[in-house]
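Peer 1: Predicted model and sequence below, questions to follow.
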Amino acid sequence: MRECMAGIKIKRNDTVEVIAGKDKGKRGRVLRILADKDRLLVEHVMMIKKHVKPNPQRNIKGGIAEQESSIHISNVMLVDGEGNKTRVGKRVEEDQRVRFSKVSGNAIPEKKK
């Protein structure tokens, strides 16, 4: 059984920037996290074409559809509130654990959907 990376510090709806690969420099919102594979889906990043069969029962037209593919978590960095790429740390503030930016030291607020 393979080991996962120590704690995924990126959460759903966070803004991340791709730091390696064909989409380097793109920013997007995290749509889904696949923790067991250390991968995540980022909006409008790693777009692939998928051939879809028509299905009248589900009202699917068919043809070639574009969708996001997963990207490894090591190839993205979190973007803090100021727009800087940053590493993420955790600390306790007022009896609550909060994530903070290692670049600026500011707490990263929880984003609502």
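Peer 2: Great, that's in hand.
Peer 1: alpha carbons only for contacts and neighbour counts from here, please
Peer 2: Noted.
Peer 1: Could I get the full set of strands for the chain?
Peer 2: Counting by DSSP state E, the chain has strands at residues 15-18, 27-34, 39-42, 47-52, 63-68, 71-72, 76-79, 85-86, 88-93, 96-101.
Peer 1: got these as TSV, with distance to K111 columns?
Peer 2: Converted to TSV, the strands of the chain look like this (distance: least, Cα to Cα, whole Å):
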stretch	distance to K111
strand 15-18	10
strand 27-34	11
strand 39-42	16
strand 47-52	25
strand 63-68	22
strand 71-72	21
strand 76-79	13
strand 85-86	17
strand 88-93	15
strand 96-101	12
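Peer 1: So which of the ones you listed is nearest P109?
Peer 2: Of all these, strand 96-101 sits nearest to P109, with 7.7 Å by Cα to Cα.
Peer 1: Run through the residues that contact the residue positioned nearest the centre of the chain.
Peer 2: Centroid-nearest residue in the chain: V30, 3.4 Å away (criterion: Cα atoms, centre = their mean). Listed by Cα atoms under 8 Å, 6 or more residues apart in numbering, the contact set of V30 reads K11, R12, N13, D14, T15, V16, L40, L41, V42, E43.
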